[in-house]
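S.K.: 3D model of this:
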Amino acid sequence: MSQKSEEGTTGMLEAMGWHRDFARLLARLESEDFWEAVSRTLARHIVYNTWVALVFHADQPPTILAESDEDDGADEGLFEDYQRGLYLLDPFYVAARDNGLDGLVTLDDVAPARFTTTEYYRRYFRRNIVSDEVQINRSLGAGRTLCLSLGSTRTFLHSEIGLLHLVEPWLGELMRLRMHFERCGETPGPHPWHPHRGGVEETATRFGLTDREREVSQLMLGGGSTKEIARRLSISVETVRVHKKHLYAKLGINTQAELFSRFWQERP
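M.R.: Residues are numbered from 1 along each chain as shown. All right, here's what the predicted structure looks like:
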């Protein structure tokens with residue numbers, strides 16, 4: 001048999017394997033272990049260390065639907081911290097909230113230039129994800145995005161990203177159908193610095209920050225440069241600098257480390 005014939009046979013067998021796997025997942029759509037079954041299926045083809053299924057909301061903290069066990073490398077306490085405020089600094093959350101990204105999303109797609117220098121990266125991402133993350137997203141409407149996040153202690157291979165692109169349309173649709181059977185639990189109240197909360201003035205924090213100042217603060221803490229923040233908010237670089245000056249003056253601080261401390265003090 002020629003090499004080309006062997007490659008064609010291998011590809012056909014792999015496709016048949018995926019058809020079988022998706023049929024099995026479809027049969028488990030109403031089962032409590034659906035997300036674990038998805039994880040086991042993907043783990044046969046892709047190397048990753050942690051996973052979490054969650055729903056991003058525009059107006060409240062994310063809802064955690066299911067997550068990997070602590071034995072798999074996840075830290076339950078860090079997920080609690082994530083819901084209490086760290087989600088606002090997550091580049092995947094920010095992208096889903098502002099742009100409604102659908103399909104396969106990689107860390108390179110959404111991470112700001114200075115992401116690895118942030119307190120969020122040091123205190124959460126590096127401890128819980130370590131190196132790389134990808135998400136399969138499905139818009140649910142009404143400002144909600146369903147996400148399956150995979151975290152790895154190494155950078156995902158191009159072949160793994162390619163495979164996820166290939167199966168994403170099928171898996172994403174299964175995820176969307178799964179939401180008909182999910183019973184979402186309660187989440188903490190929004191962090192006081194949560195932006196876009198209807199523009200109601202009484203949402204201002206005890207530091208008297210405006211909505212725009214809170215937006216700028218979170219983009220700064222998420223690793224955004226002055227130019228990136230200006231581009232994202234459609235304002236000038238000088239306006240960003242003015243917001244930063246007012247922000248630091250109101251909080252009585254001089255560094256981003258102090259800014260993170262003030263942000264974390266405000267969590268629910």
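S.K.: after the helix-or-strand element of the chain with minimal mean pLDDT comes which helix or strand?
M.R.: Across the helices and strands of the chain, mean confidence by mean pLDDT, DSSP states H and E is lowest for helix 3-27: a mean of 66. Going down the chain from helix 3-27, the next helix or strand is helix 34-43, by DSSP states H and E.
S.K.: same for that next one, what does it pack against?
M.R.: Judged by 3 or more Cβ pairs under 8 Å, 6 or more residues apart in numbering; DSSP states H and E, helix 34-43 is in contact with helix 3-27, strand 50-57, strand 63-67, strand 144-152, helix 158-178. From N, CA and C alone the C-beta is placed, and that goes for glycine too.
S.K.: OK, contacts around the nearest residue to Leu174 once chain neighbours are set aside?
M.R.: On the basis of Cβ to Cβ, 6 or more residues apart in numbering, the spatially nearest residue to Leu174 that is not a chain neighbour turns out to be Leu25, at 5.7 Å. When contacts are counted by Cβ atoms under 8 Å, 6 or more residues apart in numbering, Leu25 touches Phe34, Ala37, Val38, Thr41, Leu171, Leu174.
S.K.: pLDDT of stretch 247-258, averaged?
M.R.: Averaging the model's pLDDT scores along stretch 247-258 yields 93.
S.K.: nearest residue to the middle of the protein?
M.R.: The structure's the chain has its C-alpha centroid closest to Phe92; by Cα atoms, centre = their mean the separation is 3.6 Å.
S.K.: check the secondary structure at that residue for me.
M.R.: helix (DSSP: H, G, I helix; E, B strand; the rest coil).
S.K.: my guess is it meets Asp108, correct?
M.R.: No: counting by Cβ atoms under 8 Å, Phe92 stays clear of Asp108, with 11.7 Å between them.
S.K.: please enumerate the shared neighbours of those two.
M.R.: When contacts are counted by Cβ under 8 Å, 6+ apart, the set common to Phe92 and Asp108 is empty.
S.K.: quick one: contacts for Leu140?
M.R.: Taking Cβ under 8 Å, 6+ apart as the criterion, Leu140 is in contact with Val55, Leu146, Arg176, Met179.
S.K.: any chance of a PyMOL selection covering the buried ones in these?
M.R.: A single PyMOL command selects the buried members of the contacts of Leu140 (16 or more other Cβ atoms under 10 Å):
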select buried, resi 55+146
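S.K.: how long is stretch 85-98 end to end?
M.R.: Stretch 85-98 has its terminal residues 17 Å apart, counting by Cα to Cα, to the nearest Å.
S.K.: flag every buried residue along that stretch.
M.R.: 85-97.
S.K.: so which of those comes closest to Thr118?
M.R.: For Thr118, the nearest member of the buried residues of stretch 85-98 is Leu89. The distance, counting by Cβ to Cβ, is 7.0 Å.
S.K.: need the contact list for that closest one.
M.R.: Residues in contact with Leu89, defined by Cβ under 8 Å, 6+ apart, are Thr118, Tyr120, Tyr124, Gln218, Leu221, Gly222.
S.K.: quick one: low-confidence residue ranges for the chain.
M.R.: For the chain, applying pLDDT under 70 flags the ranges 1-16, 70-78, 184-188, 195-206.
S.K.: the same query, at a cut-off of 80, please.
M.R.: Low-confidence regions of the chain, defined by pLDDT under 80, span residues 1-17, 69-79, 128-130, 184-190, 194-207, 268.
S.K.: domains for it, by residue range?
M.R.: Domain assignment for the chain by automatic domain parsing gives 8-181, 201-265.
S.K.: thanks a lot, catch you later.
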